[in-house]
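Provided below are the primary sequence and the corresponding predicted coordinates.
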Amino acid sequence: MDQSIKAYIKQLVQEAIEQSASSLNNLPPGTGRKQYVIANWKMNKNIQETLEFLQQLKEGNGVEVVVCPPAPLLYPAKLYVQGQKKEIQIGAQNVHQEDKGAYTGETAASLLKEIGCSHCIIGHSERRQYAQEDDATVNQKAKQALKRGLTPVICIGETLEQKQQDQTEKVLTKQILGAMDGMDVSQVVFAYEPVWAIGTGESATAAEAQRIHGYIRSVLEYLDVQNAEKVSILYGGSVNENNAQEFASMTDIDGVLVGGASLQVDSFQKIIAVFAKGA
Ligand SMILES: O=C(CO)COP(=O)(O)O
């Protein structure tokens, strides 16, 4: 990383720390940014469970509700919500970076679009860990998703070890710059998911998350000062019906990406209701 970027990042860190003090005054949620509540079911649920969940799930009342089931359930899920005329969007958990070809087991963005997906999660820490996805891959996948009309939900976040070594801002900066290379920031959604908070029951505090979201927005400003304010930045990592309100009250937290608590329709619906109040 060259010296001018390093100096700029240092300045951003300082500004984000200063801003965090004023952000803690429970300001109203995002200035006109879309509010999202996204369910990442990971490798859970079968067809019957999916349809039962979607039957009970109500619309978002101004919140963008996106359900991301495993790949074989995307099409039945989409057909079901369409048939019910519900404003619930269906998103994929992954996409391949190439248009088509000899990539056994992969799914093309064009096919996801054809079956009615609106969004695609990209660079989730589980894919970074288990499928060795790096920032360059995330960048290629995000470009491919956009090319085919899917909105990328780009996941970033530090591990516990990186947090303990005070590397959070550095790690996030590298992930953001890598993911956004040659891209328009106004076309993506970001999700800050600290790896240590995923599936552990130990979420970041809302204040901590707000400080990091402020920092992420400053890096986006460095890339595109005009559009950074428009980008929705979601928090993910042990979000549940009890802590959602605290996250929703933070200025730079524009929604949540929910794993475990999105598997039960009641708890997921309660999280949506929290964000709908502010939308
Ligand atoms: O990984 C997540 C969402 O993408 C978060 O998972 P949990 O909500 O289960 O911690």
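Sure thing, it's come through. Just so we're clear, the structure is a prediction, and the values are computed from it rather than from any experiment. Residues are numbered from 1 along each chain as shown.

mind checking which helix or strand Arg211 is in?
Assigned by DSSP states H and E, Arg211 falls within helix 206-223.

which SS class is the most centrally placed residue in the chain?
With distances taken as CA atoms, centre = their mean, Ala191 lies nearest the centre of the chain, 3.0 Å away. Classification of Ala191 using DSSP: H, G, I helix; E, B strand; the rest coil returns strand.

now Tyr235
Following three-state DSSP, we place Tyr235 in the strand state.

swap in Val153?
Using three-state DSSP, the three-state assignment for Val153 comes out as strand.

picking that back up, let me see the mean pLDDT of the helix holding Arg211.
For helix 206-223, mean pLDDT rounds to 97.

Can you give me the buried ones in it?
206, 208-223 (16 or more other CB atoms under 10 Å). For glycine as for every other residue, the C-beta is placed from the backbone atoms N, C-alpha and C.

what do you get for stretch 271-279?
For stretch 271-279, a neighbour-count test (16+ other CB under 10 Å) marks Ile271, Ile272, Ala273, Val274, Phe275, Ala276, Gly278, Ala279 as buried.

Need the contact partners of that stretch.
Identification of contacts with stretch 271-279 by CB atoms under 8 Å, 6 or more residues apart in numbering yields 28-29, 35-37, 58, 60-63, 65, 239-241, 244-245, 248-249, 255-256, 258, 261-262.

and which of the buried residues of stretch 271-279 is nearest to the ligand?
Ile271 (10.1 Å; CB to the nearest ligand atom).

How much space separates that closest one from His213?
Counting by CB to CB, to the nearest Å, the separation of Ile271 from His213 is 18 Å.

Leu172 now?
Distance from Leu172 to His213, by CB to CB: 10 Å.

Ok, Gln84 next?
Applying CB to CB, the value for Gln84 to His213 is 34 Å.

Hmm, Gln93 and Lys42 touching each other?
Yes: counting by CB atoms under 8 Å, Lys42 does reach Gln93; the two are 7.1 Å apart.
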